[in-house]
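S.K.: Generate a structure from the sequence data that follows.
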Amino acid sequence: METERAKAESAKTQDDMTGAAVKTFEVPQKRWTLVLLAVGAALLVPWTVVLALTLPASTEVRHWSLAWIGLDALMTAGCATTALLGLRTDPRARLTASATAAVAVLDAWFDITTARSGGDLAQALACAVAEAALAAACVALALSEPRKPPAGEGVGTKPSPSP
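M.R.: Below you'll find the predicted structure:
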């Protein structure tokens, strides 16, 4: 078992995305985790085929409104968290932006695939355009270079009061 001293010695100081010095630890990449992900992907292919062949074309769903409200609440929380972290120049905003993009795409997918033809489908398609724009904005945020906080400010710090 590694001692606290050994952990401290293996730590290094580096400049994080916000310009603040932080301690980081070298974490060896777990190759087996990547192998398990690849195996999982391979196993999901036949499972998807089984689902395509066996699932009913339609079904009655309980808690339908709760499922949709939950998905929209998750998207709202993602937008709010991304905005809050981004305004504070916190590099974690890139992570929440990625997650929010995924939720927006899922919402659009289920809006379209569960809509009845006609007006419901037209409304779902209109919402999907807005959700695709949200997802694109979130992906752009996630892939962008992080902003540096103004001089004297770091992650989670308040600006100094002006004299």
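S.K.: Grab the most central residue of the chain for me.
M.R.: In the chain, the residue lying closest to the centroid (CA atoms, centre = their mean) is residue 99, at 1.1 Å.
S.K.: so who does that one touch?
M.R.: residue 78 (CB atoms under 8 Å, 6 or more residues apart in numbering). (Each C-beta comes from the backbone N, C-alpha and C, glycine too.)
S.K.: where does this structure dip in pLDDT?
M.R.: Across the chain, the ranges flagged by pLDDT under 70 are 1-29, 149-163.
S.K.: swap the cut-off to 80 and go again
M.R.: In the predicted model, the chain carries pLDDT under 80 at residues 1-29, 146-163.
S.K.: Would you state the helices of the chain in chain order?
M.R.: 4-10, 31-54, 64-87, 93-114, 119-143 (DSSP state H).
S.K.: So which of these has the densest surroundings on average?
M.R.: With neighbours defined as mean count of other CB atoms under 10 Å, these peak in mean count at helix 93-114, which reaches a mean of 19.
S.K.: Please state the offset of it from the chain centre?
M.R.: Here the centre of helix 93-114 is set off from its chain's centre by 8 Å, with CA atoms, centre = their mean, to the nearest Å.
S.K.: ditto for stretch 124-137
M.R.: Relative to its parent chain, stretch 124-137 has a centroid offset of 16 Å by CA atoms, centre = their mean.
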